[in-house]
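S.K.: please find the sequence and the predicted model below.
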Amino acid sequence: AILFFLHFGVEFKKRTRYYCIVLFLGFGGCSVTAQTLKVLLHIQWEKIMYKVITALILSLIIISCENTNEPIDTSNLLIPEITNLKVSNDNVSFNWINYNTLQVDFEIDRKIEGEDYKAFVKLDYTNYGIADTSLAKGVVAYYRIRAVYKNRTSEYAYSIPVVRYTSALVDSNFQNYYLYEAYKLNNGKFLLIGTKHYEPAMSMIFDPASNQISNLINMPINIEGYSFNLLDNGNVFLAGGRVSDAHYKKCFIYNTQSNIWSAAADLLYLQTGNSSVKMPDGKILISGGFTSNGDITNNCQLYNPVINTWTALASLSSARVGHAIALLPDGKVLVAGGAPLPGYTSNPCEVYDPASNTWLATAPLNEKRSGIVSYLLPNNNVMVLENSGYSRTVEIYNTANGMWSYGGERKNYNNIGASTQLSDGRILIVGNTSYPSNELRVEIYYPDINKWVQSNSIPSSAYIWSVVTSDDKRAYVFGGLDQNSVSVIDLN
C-alpha cells in the first residue's frame, strides 16, 4: 500500500497529502471497527474486516485516480518545444521535444484558413513529429498541439506558429536604398515614411487589403530620428529629428484625410531620438534624446495637440537615449534603461507621476540595456526587449510591486530586427543575424505561458526595418537599402 501511494504521489503531487490522510484514516477505522465487533460479538472478525475495508479503500482510490476529469497542471506538464519546422507550398512538417518523464500523448488539431479547428491526428508518447502532405498548394493551415495524460487533456491548447509567407509583393513606388518606417493608422492602413541620406524623404499610404500604395508625397524636410505618435483625431505627429548631422526642433502633423503634412509648434529643447508616449488625455510626452552637439539630455516636455503648445516637465534623474518608455495602467509613465553616454548602456528605471510632475526611482533592470522597446502585456505588466543586439533575454516589470524579473528567453539574437504586438497580446519579432542574409527569423512570444516560440524562417534578403500587423493578424515586414519587396506573414 505504501509503494502504491508513493507511486501516485509522484504523478499527482497535489493529491499526495490527501491520499495519505485517507489511507491512515481508513486503517484506523478498520482497527476501531474490528475491535468493537470483537468486544460486542465475541467474534474474531478483525482480520476479515481489515482485508475487506482495506480492499474497498484501495479500490475507491484507484477509481478516483484513473477516472478524474481534473485538468493537467501545466506547470508539471511542460509544453513541448517545437523544432525542425519546415513549410512549403504543399507540405508542413515539424517535430517537438518532450521534456516530461511521464508517458504523455499528443493531440494535433488543424485549421484550414476560413474554417474552424478540427481533430487531425492523435499520437502516443513514442511519436515526436508529424508531416502533413495533404495540403493543396497555396492553402494556409494552422496547427495546435495539446498534451494528453491518462485520458486527461491539458487546459492550454498550444498553437504552433506555422508562418505562411510571400515575398513577391513588389511595387514600383518602393524606391531602392530607402529605409522604410511603417506605422498603423486608425483606419487599418499603414503610413510608410521612406528616408535616405541626401534625398527627399517620402511618405505614402499602404493598404494591406488591396496591396496598393497611394498618396505619395515628399516630406517637408528629409528628417530622421523623430518620434511617432497617433493623435486622438487619427492624425500623425512627428517630434524632433535630424537632417544629416543637423538636429532640429521641428515637429510635423500628417492629416490622414487631406494627405498633407503641416508644421506643428517647435520643441522647447532639442531632443533627437527621444522616446515618447501618448498620455491618457491625448497629450504627447517625450523624454531624453540627443542635443545639437550630440550630448544626451534628460529633458522632458509635453505637447498639447488641442492648442499646439509645448510645456516643460520635470527632468529625468539621469540623461538617456534609446530607452524604453511605457504608459502604465494607472496613468503613470515608466522609463527603463538607455544609454547615458554614446556607446554605453544602463539599467536605472524611474516612474513619472503626472499629478505631481515628478520622476521617482523604481527597481533597476537586471541587465544594462539600450536600444530597447516596451510592450504592455495582457496582465498589465510591461516587457522590454532589444529588437537588435546580442542579448536574447527579456525582462518584465511587475506593475503591482515595481520589480523586474526575466521573461522567457528568446531563441535567437538579431543583428537587425523589428517587433510588434498582435491584438491578442502576443509579440512578434522578425530579424536576421547578419547582413546580407538569405533568411529572416521569426519568433512569437506567448504571454500566458511566458515562452518564446521559434517559427519557420522566411526566405528573404531584405534588411529589416519595421514590421506592422494588420487587422486580420497578418504581419508586413518592410525592408530597406537594396530591397523593395514586402514580406507578408500569415499568423494563426
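M.R.: Right, received. Where do you want to start?
S.K.: what is the burial count for residue 273?
M.R.: Residue 273: 19 surrounding residues under other CB atoms under 10 Å. Glycine gets a C-beta too; all of them are placed from N, C-alpha and C.
S.K.: so it is in contact with residue 323, correct?
M.R.: No: if you go by CB atoms under 8 Å, residue 273 and residue 323 don't touch, sitting 10.1 Å apart.
S.K.: where do the helices sit along the chain?
M.R.: According to DSSP state H, the chain carries its helices in the segments 2-11, 16-41, 46-67.
S.K.: how far does stretch 254-264 stretch from one end to the other?
M.R.: Taking CA to CA, to the nearest Å, the first and last residues of stretch 254-264 lie 10 Å apart.
S.K.: and the contacts of that stretch?
M.R.: Identification of contacts with stretch 254-264 by CB atoms under 8 Å, 6 or more residues apart in numbering yields 185-187, 191, 203, 205, 215, 217, 219-220, 234-238, 250-253, 303, 305, 308.
S.K.: which of those fall in strands?
M.R.: 191, 203, 205, 215, 217, 236-238, 250-253, 303 (DSSP state E).
S.K.: most neighbours, which of those residues?
M.R.: residue 303 (26 neighbours).
S.K.: what number of residues are in the vicinity of the residue lying closest to it once chain neighbours are set aside?
M.R.: Of all residues not flanking residue 303 in the chain, residue 284 sits nearest, at 4.3 Å (CB to CB, 6 or more residues apart in numbering). Neighbour count of residue 284, defined by other CB under 10 Å: 21.
S.K.: tell me how far residue 284 lies from residue 392.
M.R.: 32 Å (CB to CB, to the nearest Å).
S.K.: please apply the same query to residue 410.
M.R.: Between residue 410 and residue 392 the distance is 4 Å, computed by CB to CB.
S.K.: of the two, give the one with the bigger neighbour count.
M.R.: For residue 410 versus residue 392, neighbours defined as other CB under 10 Å are more numerous around residue 410 (19 against 15).
S.K.: what sits against the more buried one?
M.R.: Taking CB under 8 Å, 6+ apart, we find residue 410 in contact with 385, 392-394, 429, 443, 452.
S.K.: now with 7 Å, please.
M.R.: 392, 394, 443, 452 (CB atoms under 7 Å, 6 or more residues apart in numbering).
S.K.: of those, which is the nearest to residue 195?
M.R.: Using CB to CB, residue 443 comes nearest to residue 195 of the contacts of residue 410, at 27.1 Å.
S.K.: what's the pLDDT at the closest one?
M.R.: The model reports residue 443 with a pLDDT of 84.
S.K.: could you do residue 416 as well?
M.R.: 70.
S.K.: how far away is the closest residue to it other than its chain neighbours from residue 486?
M.R.: Of all residues beyond its chain neighbours, the one nearest residue 416 is residue 388 (5.0 Å), with distances taken as CB to CB, 6+ apart. With the distance defined as CB to CB, residue 388 ends up 20 Å from residue 486.
S.K.: more neighbours: which of these two?
M.R.: Set side by side, residue 388 and residue 486 show more neighbours around residue 486, with 26 against 16, by other CB under 10 Å.
S.K.: now do that one, the pLDDT please.
M.R.: 71.
S.K.: just give me the lowest mean pLDDT stretch among the helices of the chain.
M.R.: Mean pLDDT is lowest for helix 2-11 out of these, coming in at a mean of 46.
S.K.: count the neighbours of the residue nearest to residue 331 when sequence neighbours are not counted for me.
M.R.: Leaving aside its chain neighbours, residue 331 sits nearest to residue 280 (5.3 Å; criterion: CB to CB, 6+ apart). Other residues near residue 280 come to 9 when the count uses other CB under 10 Å.
S.K.: flag every buried residue along stretch 125-134.
M.R.: Neighbour counts over stretch 125-134 (16 or more other CB atoms under 10 Å) mark 130, 132 as buried.
S.K.: start and end of it, how far apart?
M.R.: End-to-end distance of stretch 125-134 (CA to CA): 23 Å.
S.K.: coming back round to it: from residue 470, how far out is the residue nearest to residue 303?
M.R.: Computed as CB to CB, the residue 284 to residue 470 distance reads 25 Å.
S.K.: and if you look at residue 219?
M.R.: 24 Å.
S.K.: which residues touch residue 184?
M.R.: Residues counted as contacts of residue 184 (CB under 7 Å, 6+ apart) are 190, 468.
S.K.: switch to 10 Å and redo it
M.R.: Listed by CB atoms under 10 Å, 6 or more residues apart in numbering, the contact partners of residue 184 are 190-191, 208, 230, 420, 468-471, 476.
S.K.: for the stretch 151-300 of the chain, which spans come out with low pLDDT?
M.R.: Where the stretch 151-300 of the chain drops to pLDDT under 70, the residues are 151-178, 196-199.
S.K.: could you pull out the strands for it?
M.R.: Ranges of strands in the stretch 151-300 of the chain, per DSSP state E, counting those that start in this stretch, are 152-153, 158-160, 164-170, 179-184, 190-195, 202-207, 212-218, 227-230, 236-243, 246-255, 260-264, 275-278, 284-287, 300-304.
S.K.: all good on my end, thank you.
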